[in-house]
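Q: I need the structure of the sequence given here:
(one chain, ligands or ions: 1)
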Amino acid sequence: MNERDTLKINRLGHLEIGGMDTVEIAGKFGTPVYVFDEAHIRNMMRVYKACIDNLYGGNGTVAYASKAFSCKAVYAIAKQEKISIDIVSGGELYTAVKAGFPAENIYMHGNNKLVHELEEAVDNKVGTIILDSFREADILNSVCKARGTVQNVLIRINPGVEAHTHAFVQTARTDSKFGFSVSDGAAEEMTAHVLSKEFLNLKGYHCHIGSQIFEKEPFVLAANKVMDFIASIKSRSGFEAQTLNIGGGFGIWYNDEDPEMKLSDYSEYLDCIITAIKAKAKQYSINEPYLVIEPGRSIVGEAGITLYTVGAIKEIAGIKKYVAIDGGMFDNPRYALYQSKYSALLANRAKEECTEKVTVAGKCCESGDIIAVDVQLPKAKSGDIMAVLSTGAYNYSMASNYNRNAVPPAILVKDGQAEYIIKPQTYEDIVRNDVVPDRLK
Ligand code: LLP
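A: Reported below is the predicted structural model:
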């Protein structure tokens, strides 16, 4: 909970999000439900955009990394806020197009884009495609040739900086499945390859060093290294990059081990990156490139919470207490996948003293189906409403129908009003594509 005041506790002792009582939301929409505060999403988009406008003369764009949370409404918000988006699949592209998002402001990523996805991108006039392999450059060139169009592209490079949450490393060569290493000449070779393609217009480079990063140094280091690379390519081949996409990765608060992030903290990341880019441009007498940043998690992560209803409670004397909720790894697989730590509270008893430490378990048939561990709560009862915080990023977007559970709906709260942005899945939705061949009947 921070200065952005997405979350508050009201006089009833209930948790509020975006000015709306979460107990009321649970009553009206049922649980489990993802709830997003629109003001928070917009504030985050604006803070990044303001940095580019104010610190870099508007010479760049914010591309919301929509893998964090993709649905038509979030693209509609991005469009209104006049920012760009990053997509990574035909499905995300389709969603954005259906939402009326302007295709010229789309950046398309992916280490193995399928031929039909490249065709869909070109047919929909996606602004920029980030190339990740020689083969992809060949395919895209042919797709464009067949259509008589020229496509703007970037090359994804690895400058040799990798950040993993609380640590970052400088490596000569990365072992990532993404991009071309600078150090072994692969990035330079790919540059020559793309420049030789008649239907590809190479605008510059992209790099992304990791996700949920709090330090500034790895971003600055990466910006410096990419600028060094741009200058060296210019002196060796004459090609001067016009665009530098520095990726995303800025961290958010999930639990008490994380810093509480203020809006100004996010401006500081950009300030440092922009200062580094400007200094390098001056040092090498090259143009300051058009700057693209791609935050995902930090735009939607803290804007979202998930509401659940407490069901079974199991105490194993002297060992552990499980509080089971009506969701689980099908709506939030991040503990199961990464042992991510979440904060949770009882939304209907938010002012009560926490007296016990519990493990929040999901309802899936799997021991690893845990949502949060070592959570301090008042003594929970069946029927309590539980709120898990900072679930706006990589929860809905990574949800599944495991155990044929329905993916929860999402609602958007603005000025104390809530409405669906993703309707609830029904059992019928779940069986919609099932087919029983006649011989099995
Ligand atoms: N740009 C590129 C090319 C990326 O690969 C990513 C994230 C982003 C931008 C956005 O990064 P962000 O600002 O959201 O950190 N499923 C994982 C996160 C995977 C991130 C992958 N790429 C999780 O739940 O933590």
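
Q: who's in contact with residue 20?
A: Residue 20 is in contact with 413, 416, 417, 418, counting by CB atoms under 8 Å, 6 or more residues apart in numbering. Just so you know, the C-beta spots here come from the backbone N, C-alpha and C atoms, and that holds for glycine as well.

Q: so what's it bridging to?
A: residue 17 (DSSP bridges).

Q: buried ones in the biggest strand by length in the chain?
A: Looking across the chain with DSSP state E, the single longest strand is strand 304-316. Neighbour counts over strand 304-316 (16 or more other CB atoms under 10 Å) mark 304, 305, 306, 307, 308, 309, 310, 313 as buried.

Q: for the residues you listed, give me TSV that also has distance to the ligand and pLDDT.
A: TSV is the format used below for the buried residues of strand 304-316 (distance: CB to the nearest ligand atom, whole Å; pLDDT from 0 to 100):
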residue	distance to the ligand	pLDDT
304	13	98
305	16	98
306	14	98
307	20	98
308	19	99
309	25	98
310	25	98
313	28	98
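
Q: which pair in those residues spans the largest distance?
A: Within these, 304 and 313 form the most distant pair, 25.9 Å apart (CB to CB).

Q: any regions of the stretch 151-300 of the chain where pLDDT drops low?
A: 164-173 (pLDDT under 70).

Q: who in it is up against the ligand?
A: 208, 211, 212, 247, 248, 249, 250, 294, 295, 296, 297, 298 (CB under 6 Å from any ligand atom).

Q: among those residues, who's most crowded?
A: residue 295 (29 neighbours; other CB atoms under 10 Å).

Q: in this structure, which residue is closest to the centre?
A: Nearest to the geometric centre of the chain sits residue 68, at 2.6 Å (CA atoms, centre = their mean).

Q: thought it was touching residue 395?
A: No - contact criterion CB atoms under 8 Å: residue 68 and residue 395 do not qualify, at 9.2 Å.

Q: per-residue confidence for residue 3?
A: Model confidence at residue 3, given as pLDDT, is 47.

Q: same check on the one 5 residues further on?
A: Reading off the confidence values, residue 8 has pLDDT 95.

Q: how about the residue in the stretch 51-200 of the chain positioned nearest to the ligand, phi and psi?
A: Per CB to the nearest ligand atom, the residue of the stretch 51-200 of the chain with the smallest distance to the ligand is residue 65, at 3.5 Å. Per-residue torsions, residue 65: phi -80, psi 100 (degrees, to the nearest 10).

Q: what's near enough to touch it?
A: By CB under 8 Å, 6+ apart, the neighbours of residue 65 are 85, 86, 248, 294, 295, 296, 297, 299.

Q: ok, whichever residue of the stretch 301-441 of the chain sits closest to the ligand - contacts?
A: Nearest residue of the stretch 301-441 of the chain to the ligand: residue 394, at 3.2 Å (CB to the nearest ligand atom). Residue 394 sits next to 67, 68, 69, 297, 301, 334 when contact means CB under 8 Å, 6+ apart.

Q: what's residue 218 sitting at in phi/psi?
A: phi -60, psi -30.

Q: contacting residues around it?
A: Contacts of residue 218 by CB under 8 Å, 6+ apart are 161, 163, 168, 209, 210.

Q: now do residue 87
A: Counting by CB under 8 Å, 6+ apart, residue 87 has contacts 66, 67, 70, 93, 96, 106, 107, 108, 109.

Q: mind redoing it with 7 Å?
A: 66, 93, 96, 106, 108 (CB atoms under 7 Å, 6 or more residues apart in numbering).

Q: repeat that for residue 224.
A: So residue 224 contacts 276, 280 (CB under 7 Å, 6+ apart).

Q: for it, phi and psi?
A: phi -60, psi -40.

Q: tally of neighbours for the residue lying closest to residue 304 once chain neighbours are set aside?
A: Once flanking residues are discounted, residue 304 sits nearest to residue 392: 2.4 Å by CB to CB, 6 or more residues apart in numbering. By the criterion of other CB under 10 Å, residue 392 has 30 neighbours.

Q: residue 392 contacts residue 299, doesn't it?
A: No - in terms of CB atoms under 7 Å, residue 392 does not count as a neighbour of residue 299; the distance is 8.4 Å.

Q: for the protein, what spans make up the helices?
A: 22-29, 38-55, 72-80, 90-98, 115-123, 134-147, 186-195, 217-237, 263-284, 297-300, 334-338, 427-431 (DSSP state H).

Q: avg pLDDT for the last one?
A: Over the span of helix 427-431, the pLDDT mean works out to 98.

Q: what does it rub up against?
A: 401, 404, 406.

Q: ok, and the most crowded of the residues you listed?
A: residue 406 (16 neighbours).

Q: per-residue confidence for that residue?
A: pLDDT at residue 406 comes out at 98.

Q: next up, the contacts around it.
A: Residue 406 neighbours (CB under 7 Å, 6+ apart): 424, 425, 426, 430.

Q: can you put the residues you listed in CSV and add distance to the ligand and neighbour count?
A: Formatted as CSV, these follow (distance: CB to the nearest ligand atom, whole Å; neighbours: other CB atoms under 10 Å):
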residue, distance to the ligand, neighbour count
424, 23, 15
425, 21, 16
426, 27, 10
430, 24, 14
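
Q: for stretch 160-175, how far is the first residue from the last?
A: With CA to CA, to the nearest Å as the measure, the ends of stretch 160-175 fall 10 Å from one another.

Q: can you name the residues that contact the residue nearest to residue 179 when sequence neighbours are not counted?
A: Leaving aside its sequence neighbours, residue 179 sits nearest to residue 156 (CB to CB, 6+ apart; 3.8 Å). Neighbour list for residue 156: 130, 131, 132, 178, 179, 180, 206, 207 [criterion: CB under 7 Å, 6+ apart].

Q: next one, pLDDT for the nearest residue to the fourth one once chain neighbours are set aside please.
A: Beyond its immediate neighbours in the sequence, the residue positioned closest to residue 178 (CB to CB, 6+ apart) is residue 111, lying 5.2 Å away. Among the per-residue scores, residue 111 holds a pLDDT of 94.

Q: please apply the same query to the one 5 residues further on.
A: Per-residue confidence at residue 116 stands at 98 (pLDDT).

Q: touching, residue 195 and residue 239? I think so.
A: Yes - counting by CB under 7 Å, residue 195 touches residue 239, with 6.1 Å between them.

Q: so is stretch 102-109 next to the ligand?
A: Yes - for stretch 102-109, a contact with the ligand is found by CB under 6 Å from any ligand atom, at residue 109.

Q: biggest separation within the contacts of residue 218, which pair?
A: Among those, 161 and 210 lie farthest apart (CB to CB), at 8.5 Å.
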